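J.: Got a predicted structure plus its sequence, pasted below:
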Amino acid sequence: MIRTLHYVHDPMCSWCWAFRPTWDRIVQGLPGDVRPHPLLGGLAPDSDVPMPMDLQTYLQKTWKTVEQRVPGTRFNFAFWEDCHPRRSTYPACRAVIAARNQGTEFEEPMILGIQHAYYLHARNPSDDDTLVALADGMGLDRERFSNELHSRETRNALMEEIALGQRMGVQGFPSLVLESGGACQVLRYDYLDPRVVLDQLT
């Protein structure tokens, strides 16, 4: 029987960025009967409202905490000076779906592209032009991607993924949920040690 390991995440979640190297190692070490399944959790709905300064300060402190707790994680703090932050991650989530629509092989590159743009290159994935540029750089059909980024179908697909994560008991990101025989189990994990997850799968 094939089991599914759901990885519930948001491409603009700083803790997900810190967990990425360990998640990659988990995927490489999965037993043959377990398939990985990235699932978008959706941190913050669409918004054109500038992010309040107190929230900007809080998130910058979070980035510094992540750097301390997960050595090797890097952030470009120029983002807070060069961009116009908004508390809006749904566009980035929909970009992952729009990329996936053109081929499942484009899903992970889009996630990584968003993370690099946001955390390393001080570009804002809440902005459509950033997301379209990423799609263009990946060789995706630019017009199709732009049309699907805000389409009803893409919006519905995201809401379905968010609802699925909630039904499985996910309360934060990242989360790992093992689905087997119709039952779901939220797994423990460590940001630096993939064995914590892999040992629960054997």
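T.: That came through, no problem. Numbers count the residues shown, from 1 in each chain.
J.: Determine the three-state secondary structure at residue 131.
T.: Secondary structure assignment for residue 131 (DSSP: H, G, I helix; E, B strand; the rest coil): helix.
J.: That one: neighbouring residues, count only.
T.: Neighbourhood size, residue 131 [other Cβ atoms under 10 Å]: 27. (Each C-beta comes from the backbone N, C-alpha and C, glycine too.)
J.: In contact with the residue nearest to residue 13 when sequence neighbours are not counted, which residues?
T.: Counting by Cβ to Cβ, 6 or more residues apart in numbering, residue 13 lies nearest to residue 173, which is 4.6 Å off, once chain neighbours are set aside. Neighbour list for residue 173: 8-10, 13, 15-16, 41, 43 [criterion: Cβ atoms under 8 Å, 6 or more residues apart in numbering].
J.: and residue 173, what pLDDT?
T.: Predicted confidence (pLDDT) for residue 173: 97.
J.: Ends of stretch 170-177, what's the gap?
T.: 8 Å (Cα to Cα, to the nearest Å).
J.: List the buried residues of it.
T.: For stretch 170-177, burial by neighbour count (16 or more other Cβ atoms under 10 Å) applies to 170, 173-177.
J.: which of the residues you listed sit farthest apart?
T.: Across the buried residues of stretch 170-177, no pair lies farther apart than 173 and 177, at 11.8 Å, counting by Cβ to Cβ.
J.: Overlap in contacts, those two.
T.: Common contacts of residue 173 and residue 177 (Cβ under 8 Å, 6+ apart): residue 8.
J.: and which of the buried residues of stretch 170-177 is nearest residue 144?
T.: Using Cβ to Cβ, residue 173 is the member of the buried residues of stretch 170-177 that sits closest to residue 144, with 28.3 Å.
J.: Checking my notes, the closest one in a strand, right?
T.: No: going by three-state DSSP, the assignment for residue 173 is coil, not a strand.
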